[in-house]
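>>> Provided below for reference: sequence and predicted model.
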Amino acid sequence: MTDTNTYPFAGLEPASVWAHFAALSRIPRQSKHEEAIVAFLKDWADQQGLENLVDKGGNLIIRKAATPGREKQPGIILQGHLDMVCQKNEGIEHDFSKDPIRPLVNGNIVTADNTTLGADDGIGIALALAALEDRTLQHGPLEALFTVDEEEGMGGANNLETGILQGKILLNLDSETWGEFCIGCAGGLDVIASRQHQPEDIPEGWNPIQVTLSGLRGGHSGVNIHEGRGNAIKLIIRLLNAVSKQIPVRLSSITGGTARNALPREASAIIAIAPENRDALASLILSYLAVYRNELAGVDDGIAIDINDASATSVMPLSDQTVWLNSLNAAPHGVWRMSPTIAGAPETSNNVGVINLQADKGSCIFMARSTVDSACEALADEIISLFTLSGTRTEKENGYPGWEPHFDSPILATCMKVYEKVFGNRPTTHIFHAGVECGILKAKYPALDAISFGPTLHNPHSPKESLEIDTVEKAWLFLKAILETTS
């Protein structure tokens, strides 16, 4: 696994973890297209002499027998997801279906070359593989559950077969802040709004113009939702609404965002205007760019808006244009309610994640999250009610439950003691305003005692995703200590 032509982690410890992470980086693993990584890991497990199987949901399970004398200890499940969010910077040629991720090491940080790094959750998978490979560890029965399609709706966890897992303790390796134990998380629900149009010709003599909003930081729609980062879809809709009130505009298309669980960094619209309104359009855009830079100062200072000539022959009817611009302008985005019990933590939020409007049809995907399942449903229903007013079709998809925290959890108590023993200080606990699969897994296996931890990641779900190197070694030391203590 240490091909020197593509292995940038030479000299980093623990070597086994970084070797596995490098191998994972070379294998495409888009959500819903995990066949190559599953086949690779099955072959690896066979070479290691480890029992392995793929369940009906496409999830990979690898089992390692207990160290002699520890067979009666409670089994531990090491769990992470195989897929990654695929995002790249504008203008970068990268095909996530076939091109490897190119990690870069800079001091204590690992990033990727203009794409997401895939440390979410590749580094968790690498930690689990290193534990399965290590012959010096003293442990009880070990089981690794590597799920598929986590990033686009928790499909693997939702379709996991019941009765297939043997372990009693779940160590989810998909948390993003070292020194914090995740003991609960938000559930999620997608809302998709869609509408058919009867396209019309661009008014005679009018010119198609492309308006592109870019330069935003993006980020994880759960982790970063409360930070006030710009949403490119909401910003371009707001701009087009304002422009349409000043000059006649016809809308041909709007596209933006690439994943419903990532904050959109870029959005682009093609509109048609009369030639004499070109200067007015440019002036309005400059004025709104100044407004956005003022509102996003210190948060998204890189925002830019560009206009260029474009090519288009048709526009949507004015009535449909009005529906989309007004509905999307009114649609909620950001934190809907802060937690009344956890200081500074969001309880319920929505992300306007992906938009694809064309002259003949359009759709937009929203992702609601909440640590209170009923609040998640209520927010989704609010979005549905808004679009129902115009007869726009809506549907709910990919719902999954939250993970209710249990402060008297035995594995939490054990992890607190082990952490303090290994590192000399006590960790903190938190409720994660994003989806980890523990809620779904516990719904299928109610007796599971679960906790989540992992190395520190920054800006997941964006090309600025980075991983702190020293926290990987700490996570490995802690994982080994937990396996030896708990077993």
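Thanks, I have it.
>>> If Leu457 is in a bridge, with which residues?
Note on Leu457: beta-bridge partners by DSSP bridges are Leu467.
>>> so how many other residues sit close to His226?
For His226, the number of neighbouring residues by other Cβ atoms under 10 Å comes to 15. For glycine as for every other residue, the C-beta is placed from the backbone atoms N, C-alpha and C.
>>> can you check Gly179 too?
Gly179, neighbours per other Cβ under 10 Å, totals 16.
>>> do Pro8 as well
Pro8: 14 neighbours (other Cβ under 10 Å).
>>> tell me the contacts of it?
Residues in contact with Pro8 (Cβ atoms under 8 Å, 6 or more residues apart in numbering) are Ala22, Pro103, Leu104, Val105.
>>> ok, it to Pro103 distance?
Distance, Pro8 to Pro103, using Cβ to Cβ, to the nearest Å: 5 Å.
>>> what do those two both touch?
Taking Cβ under 8 Å, 6+ apart as the contact rule, Pro8 and Pro103 both touch Ala22.
>>> count of neighbours near Ala190?
Quick fix: residue 190 reads Asp, not Ala. Neighbours of Asp190 using other Cβ under 10 Å come to 22.
>>> Lys396 is in contact with that one, correct?
Yes - counting by Cβ atoms under 8 Å, Lys396 is a contact partner of Asp190 at 6.8 Å.
>>> Please name the strands paired to the helix or strand of the chain with the lowest mean pLDDT in the sheet, noting orientation.
Least confident helix or strand of the chain, by mean pLDDT, DSSP states H and E, is strand 428-432 with a mean of 89. Strand 428-432 has the following strand partners under DSSP bridges: strand 180-185 (parallel).
>>> Residues touching the strand it pairs with, excluding its own?
With Cβ under 8 Å, 6+ apart as the criterion, strand 180-185 contacts 172, 175, 371, 402-407, 409, 412, 415-416, 427-436, 438-439, 451-453.
>>> Now that we have these, which of them are buried?
172, 175, 371, 402-405, 409, 412, 415, 427, 429-436, 438-439, 451-453 (16 or more other Cβ atoms under 10 Å).
>>> Output the contacting helices and strands for the longest strand anywhere in the chain.
Longest strand of the chain, by residue count under DSSP state E: strand 346-357. Where contact means 3 or more Cβ pairs under 8 Å, 6 or more residues apart in numbering; DSSP states H and E, strand 346-357 is packed against helix 232-244, strand 250-256, helix 318-330, strand 334-338, strand 361-370, helix 373-388.
>>> Please spell out which residues along the shortest one are buried.
It refers to strand 334-338. Neighbour count says strand 334-338 has Gly334, Val335, Trp336 buried, by 16+ other Cβ under 10 Å.
>>> From Trp178, how far off is the first one?
It refers to Gly334. 27 Å.
>>> Tell me how far Lys88 lies from Val211.
From Lys88 to Val211 the distance is 21 Å (Cβ to Cβ).
>>> the more surrounded of those two?
The neighbour comparison of Lys88 against Val211 (other Cβ under 10 Å) goes to Val211, with 22 against 19.
>>> Distance from the helix or strand where the more buried one lies to the middle of the chain?
Element membership of Val211, judged by DSSP states H and E, is strand 207-214. On the basis of Cα atoms, centre = their mean, to the nearest Å, strand 207-214 sits 28 Å off its chain's mean C-alpha point.
>>> can I see the domain layout of this structure?
15-186+403-486, 189-400 (automatic domain parsing).
>>> Just the C-alphas of the strand holding Val211, formatted as PDB.
The C-alpha trace of strand 207-214 is given here as PDB (Å, rounded to 0.1, in the frame of the first residue of the first chain):
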ATOM      1  CA  ASN A 207     -29.300  38.900 -25.200                       C
ATOM      2  CA  PRO A 208     -28.600  35.900 -23.000                       C
ATOM      3  CA  ILE A 209     -26.300  36.800 -20.100                       C
ATOM      4  CA  GLN A 210     -24.600  34.500 -17.600                       C
ATOM      5  CA  VAL A 211     -24.400  35.700 -14.000                       C
ATOM      6  CA  THR A 212     -22.000  33.700 -11.800                       C
ATOM      7  CA  LEU A 213     -21.700  34.000  -8.100                       C
ATOM      8  CA  SER A 214     -18.600  32.300  -6.700                       C
END
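>>> Can you list the strands that it pairs with?
Paired neighbours of strand 207-214 in the sheet (DSSP bridges): strand 267-273 (antiparallel), strand 304-309 (antiparallel).
>>> The first one vs strand 346-357, what angle?
The reference is to strand 267-273. 50 degrees (axes from the mean of the first three to the mean of the last three Cα atoms, to 10 degrees).
>>> Need the contact partners of strand 267-273.
In contact with strand 267-273 (Cβ under 8 Å, 6+ apart) are residues 202-203, 206-213, 232-233, 235-236, 240, 243, 247-257, 281, 310, 312, 315, 355.
>>> any idea of the angle that strand forms with helix 318-330?
140 degrees.
>>> just the last one next, same as before
Taking the same axes, to 10 degrees, one finds that strand 304-309 is oriented at 170 degrees with respect to helix 318-330.
>>> from the middle of its chain, how far away would strand 304-309 be?
Using Cα atoms, centre = their mean, the offset of strand 304-309 from its chain centre is 28 Å.
>>> what's the next secondary structure element after that strand?
Next element after strand 304-309 (DSSP H and E): strand 314-315.
>>> Repeat that for the longest one.
Once strand 267-273 ends, the next helix or strand along the chain (criterion: DSSP H and E) is helix 278-295.
>>> avg pLDDT for that following helix?
In this model, helix 278-295 has an average pLDDT of 97.
>>> Run the angle between it and strand 304-309 for me.
Going by the same axes, to 10 degrees, helix 278-295 makes 160 degrees with strand 304-309.
>>> List the contacts of helix 278-295.
Residues from elsewhere that reach helix 278-295 (Cβ under 8 Å, 6+ apart): 207, 209, 211, 230, 235, 238-239, 242-243, 246-247, 273, 301, 303-305, 307.
>>> which of the strands paired with strand 207-214 sits most buried?
Comparing the strands paired with strand 207-214 by mean neighbour count (mean count of other Cβ atoms under 10 Å), strand 267-273 ranks first with a mean of 23.
>>> wait, which of the strands paired with strand 207-214 is closest to Gly156?
Closest approach to Gly156 among these is made by strand 267-273 (30.0 Å; Cβ to Cβ).
>>> In CSV, list the C-alpha atoms belonging to the closest one.
In CSV, the C-alpha atoms belonging to strand 267-273 read as follows (Å, rounded to 0.1, in the frame of the first residue of the first chain):
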residue,chain,number,x,y,z
ALA,A,267,-24.3,29.3,-8.5
SER,A,268,-24.9,30.4,-12.0
ALA,A,269,-27.9,31.8,-13.9
ILE,A,270,-28.5,32.5,-17.5
ILE,A,271,-31.0,35.4,-18.1
ALA,A,272,-32.1,37.3,-21.1
ILE,A,273,-32.3,41.1,-21.1
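>>> Return the distance of it from the chain's centre.
28 Å.
>>> Arg229 is in contact with Gly218, isn't it?
Yes - using Cβ under 8 Å, Arg229 is in contact with Gly218, at 7.3 Å.
>>> got any residues that touch both of those two?
Leu263.
>>> Any regions of this structure where pLDDT drops low?
1-7, 487 (pLDDT under 70).
>>> So Asn398 belongs to a helix, correct?
No - counting by DSSP: H, G, I helix; E, B strand; the rest coil, Asn398 is not found in a helix; it is strand.
>>> so what's it up against?
Asn398 is in contact with Glu152, Gly153, Met154, Gly155, Gly188, Leu189, Asp190, counting by Cβ under 8 Å, 6+ apart.
>>> now the first one, what's its secondary structure?
When you say that, I think you mean Glu152. Here Glu152 is recorded as coil under three-state DSSP.
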